[in-house]
Structure formats: C-alpha cells, structure tokens
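Participant: just the structure for this:
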Amino acid sequence: MIRSLNTAVLGIKQFQTSLDAIGNNLANINTIGYKGARVDFSDTLAQTLRAPTPDTGIVSGTAGMQLGNGVKVAAIKNEFSQGAIKQTGVRTDL
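Facilitator: Residues are numbered from 1 along each chain as shown. Take a look at the predicted model:
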C-alpha cells in the first residue's frame, strides 16, 4: 500500500511540472519571439517481484511480475518551430 502511495505522489509531482510548463506557455502566449516548452516523461525502473520461468517440455512458463516505480521528467524541450512573422516597428528587432 505504501509503495502505491509513493508511486502516486511521484506521478502527481511530475504532473505538476507539466502543468508549470503549460502555465508558462500560456502566460507568454503574446510574447513576441517566445518559444513554448514541452515536457517529456519516461518511466523509472521497475522492481522485479518475481522472475519469469522458461517453458519446459511438460509445463509452460510463467510470466514475471514487476512493480512500476512511477514516472520522471526525461526532458523539458523548447519548441523551435517557425513562429508567425510580426512587424514591431522597432528597427533593432529582427
């Protein structure tokens, strides 16, 4: 039970990171030249509770059992795609 709660807490914390990135993107939606961020997730290592057994001539093998340990933020990437061109009227803007 405690493992499940720990996994849930880790997932919620990582989801909060994603919400922070989305909030930052929304806050800067009208900022000229702003490039949005995207959060990529990956799973953490799973704990093997029972190893799989191979097939024999008489008995079929059994599947192993693993317990996932949640997710983690793999990277926060900026989107560098071409944005809309907008005239600012300032000579020093590119």
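
Participant: tell me, how many residues neighbour Q14?
Facilitator: Neighbour count of Q14, defined by other CB atoms under 10 Å: 19. The C-beta positions use only the backbone N, C-alpha and C, and glycine is treated the same way.

Participant: identify the spatial nearest neighbour of it, chain neighbours not counted.
Facilitator: Once flanking residues are discounted, Q14 sits nearest to V71: 5.2 Å by CB to CB, 6 or more residues apart in numbering.

Participant: how far away is the one you found from L49?
Facilitator: 19 Å (CB to CB, to the nearest Å).

Participant: between these two, who's got more neighbours?
Facilitator: V71 (16 against 9).

Participant: you'd agree that one is up against D40?
Facilitator: No: with contact defined as CB atoms under 8 Å, V71 does not count as touching D40 (10.4 Å).

Participant: can you give me the helices in the chain?
Facilitator: Ranges of helices in the chain, per DSSP state H, are 2-27.

Participant: what pairs with the residue positioned nearest the centre of it across the strands?
Facilitator: Centroid-nearest residue in the chain: F41, 1.9 Å away (criterion: CA atoms, centre = their mean). Counting by DSSP bridges, F41 forms beta bridges with V73.

Participant: I12 versus that one, what's the distance?
Facilitator: With distances taken as CB to CB, F41 is found 13 Å from I12.

Participant: ok, now R50?
Facilitator: 28 Å.

Participant: tell me the phi and psi of I85?
Facilitator: The phi/psi pair for I85 (degrees, to the nearest 10) reads phi -90, psi 130.

Participant: what's the answer for P52, then?
Facilitator: Here is the backbone geometry of P52 (degrees, to the nearest 10): phi -70, psi 150.
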